[in-house]
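# coordinates only, sequence not included:
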């Protein structure tokens with residue numbers, strides 16, 4: 001009976017998914033048209049009301065989640081003793097002169113973001129050089145975390161552009177650090193990255209290999225990369241271009257002026273009409289990309305212009321029609337076609353047949369007659385087959401998308417209960433000691449898990465320290481969203497967009513409820529990561545498309561997205577960012593990146609690899625501090641416990657280039 005029910009469910013689920021997709025597709029199309037029309041009308045009204053402001057027409061999920069004081073500030077802290085403050089100031093002056101938005105304040109007009117020009121802009125309002133003391137004590141390794149956390153908890157001034165670079169450490173007790181804080185919308189609108197605000201050497205970045213990260217990440221390569229479809233498109237476009245150029249050379253009056261000097265047939269007249277129409281369409285697309293306002297009358301003017309360039313008029317068409325009624329011309333045409341078929345049947349056909357047979361026999365040995373039908377089919381049929389498989393895989397992802405989203409939205413799970421009171425909007429940060437990659441790779445060799453999965457298991461164990469310090473009960477699992485960020489995204493523009501995965505991170509194992517069974521937790525983490533990679537391809541693809549092109553915000557109303565995103569961020573109240581990639585950054589001794597938690601998400605965790613070390617960073621709403629530092633403080637100890645359970649001896653000493661060898665025991669935390 002159970003097997004029968006399972007087989008029925010396996011048969012019904014795809015049918016329901018297909019029906020949902022058929023229903024949702026027209027709905028999305030209609031929703032896209034309505035949303036785009038209403039947004040454009042609203043933006044035009046705001047531009048009319050506030051002509052001196054630059055209205056932000058685009059929107060994304062982060063701007064939808066922005067709530068008053070809860071600023072979405074991306075933050076990067078680097079240690080670079082070789083940088084000179086005066087050089088940094090000159091660099092920022094030059095950057096601000098080339099990027100106008102860096103000289104504008106971010107405000108809201110009629111519920112939309114807008115940029116407002118500043119009359120008295122000065123780089124000195126954005127480049128802050130810290131003092132040597134904090135709370136009456138010199139800033140050293142022992143209290144630098146507390147000082148940086150205090151800096152990040154302060155709002156960026158609304159009267160200035162939303163970016164800031166702070167210089168920390170000016171004496172021998174602390175190496176020079178730089179804290180870069182930039183609003184997400186400024187980065188997106190001005191096409192900048194955090195590294196652009198520092199005068200770093202770009203030579204190594206431009207020459208760097210763009211291969212996959214050394215450690216790899218389970219949050220990338222969720223599905224096989226599409227290769228056949230782009231290749232097929234490229235081949236068809238190249239072939240069409242060649243055929244079209246040959247067609248123009250033979251039939252375009254611009255290329256061959258003698259065409260219209262004699263009587264032409266109706267067939268040749270149709271060819272010229274096609275050329276004129278395509279040229280008009282090409283001009284229309286060119287002007288549309290410039291975002292010029294185009295009307296139907298202007299389209300007709302383009303057509304007339306292209307026709308006049310070729311001396312193509314109605315008289316040419318009438319002459320072709322009269323020529324069609326000429327009996328002598330028709331008799332000549334008939335004799336020509338009869339002679340062509342006779343020659344083809346008697347001479348050309350056997351030669352062409354022999355070419356095809358010869359190509360089929362020697363196809364795998366030599367490249368005979370590449371223009372033959374057999375050779376063409378042998379190349380395009382496998383390519384078409386692979387492209388068809390890729391189309392089917394894409395359709396499967398689209399069909400499964402509604403089920404995947406509904407399942408993640410409404411499935412019942414025992415989630416971590418962070419404080420439910422309203423957020424303050426201020427952000428506090430902390431970071432851990434550096435962990436050697438070689439040590440993590442040895443651990444991966446012993447337990448068969450990836451480096452990232454070992455880091456996740458240790459992060460879960462250190463998260464339990466937060467619950468203990470804050471006096472909360474430890475849930476059975478912690479729900480989190482996870483994504484990958486390439487090292488290039490922090491320092492080099494135009495990096496690829498990646499999607500999100502929803503993870504359930506266990507704090508206990510079914511057999512040992514009380515916890516220190518890190519091996520069991522690691523095994524469950526591995527299983528959950530593999531399950532997420534297998535079942536959440538649709539979610540990953542949709543979120544990647546949203547990051548790259550604003551797919552969701554273009555198709556759905558902002559109010560609906562805000563409701564769904566607030567529910568998701570309440571459910572998945574932790575966001576995990578894995579930063580990886582072997583990108584050489586000259587002069588930087590260490591770095592840590594924080595992505596701000598938004599919506600109802602109160603904690604953001606970063607697993608950041610820089611050079612040969614990895615560290616964990618956390619950014620949370622100030623309401624969960626100072627207990628948030630217990631996570632970073634317990635992270636190295638959790639990794640050591642995991643290593644000891646595998647029989648691996650822990651390293652006797654860690655890197656001396658660490659921010660926090662003693663700062664994690666700061667009295668503030």
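Yep, it's here. Note that the coordinates shown come from a computational prediction; the quantities given were computed from them, not determined experimentally.
# And the pLDDT at the nearest residue to residue 154 once chain neighbours are set aside?
Leaving aside its chain neighbours, residue 154 sits nearest to residue 426 (7.5 Å; criterion: C-beta to C-beta, 6 or more residues apart in numbering). Just so you know, the C-beta spots here come from the backbone N, C-alpha and C atoms, and that holds for glycine as well. What the model reports as pLDDT for residue 426 is 86.
# okay, now residue 426: neighbour count?
Residue 426 has 17 neighbouring residues, counting by other C-beta atoms under 10 Å.
# Wait, it touches residue 621, no?
Yes: contact criterion C-beta atoms under 8 Å: residue 426 and residue 621 qualify, at 7.1 Å.
# gap between the residue nearest to residue 154 and residue 522?
The gap separating residue 426 from residue 522 is 35 Å, by C-beta to C-beta, to the nearest Å.
# show me where the stretch 451-600 of the chain has helices.
Taking DSSP state H, counting those that start in this stretch, the helices of the stretch 451-600 of the chain run over residues 451-469, 487-491, 518-535, 537-549, 551-555, 558-571.
# In contact with residue 497, which residues?
Neighbouring residues of residue 497 by C-beta atoms under 8 Å, 6 or more residues apart in numbering: 544, 547-548.
# now these as CSV including pLDDT and neighbour count?
Output for those, formatted as CSV (pLDDT from 0 to 100; neighbours: other C-beta atoms under 10 Å):
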residue, pLDDT, neighbour count
544, 86, 18
547, 83, 19
548, 81, 12
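# Turn the residues you listed into a markdown table, including distance to residue 113.
Supplementary listing: the contacts of residue 497 in a markdown table, determined by distance: C-beta to C-beta, whole Å:
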| residue | distance to residue 113 |
| --- | --- |
| 544 | 24 |
| 547 | 18 |
| 548 | 20 |
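# can you list the weak-confidence ranges in the stretch 501-650 of the chain?
Within the stretch 501-650 of the chain, the stretches with pLDDT under 70 are 510-516, 583-584, 650.
# again, only using 50
In the predicted model, the stretch 501-650 of the chain carries no residue with pLDDT under 50.
# And for the stretch 51-200 of the chain?
Looking at the stretch 51-200 of the chain by pLDDT under 50, you get an empty list.
# mind listing the helices for it?
Using DSSP H, counting those that start in this stretch, the helices of the stretch 51-200 of the chain run over residues 61-65, 85-98, 144-152, 184-189.
# One more: the stretch 301-450 of the chain?
Under DSSP H, counting those that start in this stretch, the stretch 301-450 of the chain gives helices at 314-324, 327-343, 349-361, 373-410, 437-447.
# about what we covered before: pipe the helices of the stretch 451-600 of the chain into JSON lines and attach distance to residue 407 per row.
Shown next, in JSON lines, are these (distance: least, C-beta to C-beta, whole Å):
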{"stretch": "helix 451-469", "distance to residue 407": "22"}
{"stretch": "helix 487-491", "distance to residue 407": "30"}
{"stretch": "helix 518-535", "distance to residue 407": "8"}
{"stretch": "helix 537-549", "distance to residue 407": "10"}
{"stretch": "helix 551-555", "distance to residue 407": "18"}
{"stretch": "helix 558-571", "distance to residue 407": "12"}
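# Report pLDDT for the spatially most central residue of the chain.
The chain has residue 497 as the residue nearest its centroid, 1.6 Å off, counting by C-alpha atoms, centre = their mean. Predicted confidence (pLDDT) at residue 497: the value is 73.
# Quickly note the distance from it to residue 480.
Residue 497 sits 20 Å away from residue 480, going by C-beta to C-beta.
# cool, and residue 265?
According to C-beta to C-beta, residue 265 stands 70 Å off from residue 480.
# contacting residues for residue 648?
Neighbouring residues of residue 648 by C-beta under 8 Å, 6+ apart: 442-443, 446.
# Compare these and tell me which is most surrounded.
Within these, most neighbours by other C-beta under 10 Å means residue 443, with 21 neighbours.
# Does that residue touch residue 641 like I think?
No: at 11.4 Å, residue 443 and residue 641 do not qualify as touching, with contact defined as C-beta under 8 Å.
# neighbours around the closest residue to residue 394 other than its chain neighbours, how many?
In space, and not counting its chain neighbours, residue 394 is closest to residue 226: 7.8 Å by C-beta to C-beta, 6+ apart. Per other C-beta under 10 Å, the neighbour tally for residue 226 reads 14.
# likewise residue 525?
Residues near residue 525, counting by other C-beta under 10 Å, number 25.
# Quick check: it vs residue 126, distance?
Taking C-beta to C-beta as the measure, residue 525 falls 41 Å from residue 126.
# Also residue 569?
30 Å.
# same check, this time on residue 164
5 Å.
# Residue 590 too?
Counting by C-beta to C-beta - residue 590 and residue 126 are separated by 24 Å.
# likewise residue 575?
Counting by C-beta to C-beta, the separation of residue 575 from residue 126 is 27 Å.
# related to what we said a few turns ago, of the helices of the stretch 51-200 of the chain, which approaches residue 403 most closely?
Between residue 403 and those, the shortest separation by C-beta to C-beta is 21.3 Å, and it involves helix 61-65.
# gap between that closest one and the chain center?
In this view, helix 61-65 has its centroid 15 Å away from the chain centroid, taken as C-alpha atoms, centre = their mean, to the nearest Å.
# returning to that earlier point: residue 265 and residue 480: which is more packed in?
Neighbour totals were compared for residue 265 and residue 480, and residue 480 leads with 25 against 13 (other C-beta under 10 Å).
# pretty sure that one contacts residue 574?
Yes: judged on C-beta under 8 Å, residue 480 makes contact with residue 574 at a distance of 4.1 Å.
# what is in contact with these two at once?
residue 605.
# still on that earlier bit, residue 253: which of the helices of the stretch 301-450 of the chain is closest?
Taking these one by one with C-beta to C-beta, helix 314-324 is closest: 9.4 Å.
# So which residues make contact with that closest one?
Contacts for helix 314-324 (C-beta under 8 Å, 6+ apart): 260, 263-266, 268-269, 272, 329-330.
# Repeat that for stretch 561-570.
Residues contacting stretch 561-570 (C-beta under 8 Å, 6+ apart): 61, 64-65, 408-409, 481, 552-553, 597-601.
# same deal with stretch 333-340?
Outside stretch 333-340, the residues that touch it by C-beta under 8 Å, 6+ apart are residue 265.
# so how far is it from its chain's centroid?
That offset, for stretch 333-340, works out to 60 Å (C-alpha atoms, centre = their mean).
# Let me see the mean pLDDT of it.
On average, stretch 333-340 scores 76.
# Buried residues, it. List them.
Across stretch 333-340, burial judged by 16 or more other C-beta atoms under 10 Å covers no residue at all.
# Ok, stretch 434-445 next?
Neighbour counts over stretch 434-445 (16+ other C-beta under 10 Å) mark 434-435, 437, 439-440, 443-444 as buried.
# from those residues, which is closest to residue 305?
Closest approach between the buried residues of stretch 434-445 and residue 305, by C-beta to C-beta: residue 437, at 63.3 Å.
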